[in-house]
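> sequence first, predicted model second:
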There are 2 protein chains.
Amino acid sequence: MTIQESGTARPAGRPRSEKAEKAIIEATLDLIGEGMGISELSIEAIASRAGVGKTTIYRRWSNKEDLVVDALATLKAPLPPLAGTSVRDDLISLLDLMRRESGDTRNRCVMNIAMNESDRYPQLKARFMKRAVEPRREAMRAVIERGIATGELRADLDVSMGMAMLTGAMMWHTKWAPAGDLAPDLAERVVDAALAGMAP
Amino acid sequence: MTIQESGTARPAGRPRSEKAEKAIIEATLDLIGEGMGISELSIEAIASRAGVGKTTIYRRWSNKEDLVVDALATLKAPLPPLAGTSVRDDLISLLDLMRRESGDTRNRCVMNIAMNESDRYPQLKARFMKRAVEPRREAMRAVIERGIATGELRADLDVSMGMAMLTGAMMWHTKWAPAGDLAPDLAERVVDAALAGMAP
DNA sequence: TCGTTGCGAAACTCAGGCGTATCGAAATTA
DNA sequence: TAATTTCGATACGCCTGAGTTTCGCAACGA
């Protein structure tokens, strides 16, 4: 009766260090967070930053893209529960999450990479889309559709147009607005502006 | 009396080839248009693509950034005149320009670079902002302010919020919408959606 | 204790690209 | 024609970084 034989027969020899693995991922995100693009990232820099030998990296990932894919996948996971009291409040919650995330340098750099370099790294794009973008998109779509159903939003509203206005306005502030942190009430103002419209 | 002595005393020797210069810029934009980021761009590739010796490049630009700055500056120059009949029409004109530009691969790649890599190339960022972003931003601001003054837009409209909704919605479609060309009437639909708002 | 595997460090080979230098030919002025 | 400058091509020295290999040591199971 060997211990733990069930399926996961532990192979002989020294087990891989979880600590090293964490350190590698952390170092990767660190460097990305310092503004490095994927092509500027070097395995050597990651190894050095993580205090790890290159061997230890190559034993786990076969190349840079695989590593970056895994590293980015550790971010952007949880989506907060929505109160569900009013559509306005839920939209504000969703947009305010964007605002808070954009305040984190790491997150911002990750978004940059996801939005722009991903064309050259198809794996990365697919995985990031599935993991980070789709859930958020679906959450917002659901809220808007609920609003249309309950009459809180206009019946003839084009759902994707609504998403474009809301998400786009937040993106615009993140990208183009004068530097510095976004105003704490930005999400609320964006939602109200989108609800009210520009016409008198 | 030498000919053309006035100010521009042509130095002796073979004159620099304008054709080569054009070819270099073209090759640079070509490669950028193929999705290369600045760090992936190599002078050697540019020279080869342009059918030119490296010497010919280094004689004109002292490094890669200078060349890219000049190359990008040749794009995005002209802003079309606005009809000025109605604010709605002018906004549609401005957004439709964005749509048309986003259909051009080169322009899209340039935007990517400008929006994301520019942090690492301050010269490039400054010049691109001044040349491409500011004029467009000012044009839209002017239209919106005119609309507020004439009563075509609501009096209490936050101008930058309006810009965020309009520009942001277009950006959203460019970035996140399902692949393929944008609908020809997208600008019109965005403007109408923003004017009407989402509330019933 | 012994065999196996992981560890970090260092050395290695190989590719690519930078910026410079040198070549013979071409274009221009004096 | 002579002097000067640019042309494309090519070679050069140098550096960075990828991915591999080797080392001696550490951690595990048997």
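Thanks, I have it.

> okay, and A:V143 sits in which element?
helix A:134-150 (DSSP states H and E).

> let me see the ranges of the helices in chain A.
A:18-33, A:43-50, A:54-58, A:64-73, A:87-102, A:105-116, A:122-128, A:134-150, A:159-176, A:186-196 (DSSP state H).

> near chain B at all, the fifth one?
Read it as helix A:87-102. No: interface with chain B: helix A:87-102 contributes nothing (Cβ under 8 Å from any Cβ of the partner chain), its closest point being 9.0 Å away. (Each C-beta comes from the backbone N, C-alpha and C, glycine too.)

> what helices or strands is that helix leaning on?
helix A:105-116, helix A:134-150, helix A:159-176, helix A:186-196 (3 or more Cβ pairs under 8 Å, 6 or more residues apart in numbering or on different chains; DSSP states H and E).

> ok, the first one next?
For helix A:18-33, the packing partners by 3+ Cβ pairs under 8 Å, 6+ apart come out as helix A:43-50, helix A:54-58, helix A:64-73, helix A:105-116.

> between those, which gets nearest to A:A12?
Closest of those to A:A12 is helix A:54-58, at 19.0 Å (criterion: Cβ to Cβ).

> spatially nearest residue to A:V69 (excluding sequence neighbours)?
Excluding its sequence neighbours, the residue lying closest to A:V69 (Cβ to Cβ, 6 or more residues apart in numbering or on different chains) is A:L124, at 5.0 Å.

> so who does the residue nearest to A:S39 when sequence neighbours are not counted touch?
Among residues not flanking A:S39 along the chain, B:S39 sits closest, at 4.9 Å (Cβ to Cβ, 6+ apart). B:S39 makes contacts with A:37, A:39-40, B:117, as judged by Cβ atoms under 8 Å, 6 or more residues apart in numbering or on different chains.

> what's the per-residue pLDDT of the residue nearest to A:V69 here?
Listed pLDDT for A:L124 reads 83.

> kindly report the same for A:T2.
38.

> let me see the domain layout of chain A.
A:18-73, A:87-198 (automatic domain parsing).

> residues of chain A that sit close to DNA strand C?
A:11-17, A:20-21, A:51-56, A:59 (Cβ under 7 Å from any atom of the strand).

> ok, now with 6 Å
Residues of chain A lying close to DNA strand C (Cβ under 6 Å from any atom of the strand) are A:11-14, A:16-17, A:20, A:51-56, A:59.

> and the residues you listed as CSV, adding neighbour count?
As requested, those are exported to CSV (neighbours: other Cβ atoms under 10 Å in any protein chain shown):
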residue, neighbour count
A:P11, 6
A:A12, 6
A:G13, 6
A:R14, 5
A:R16, 11
A:S17, 11
A:A20, 17
A:G51, 11
A:V52, 18
A:G53, 12
A:K54, 12
A:T55, 9
A:T56, 17
A:R59, 11
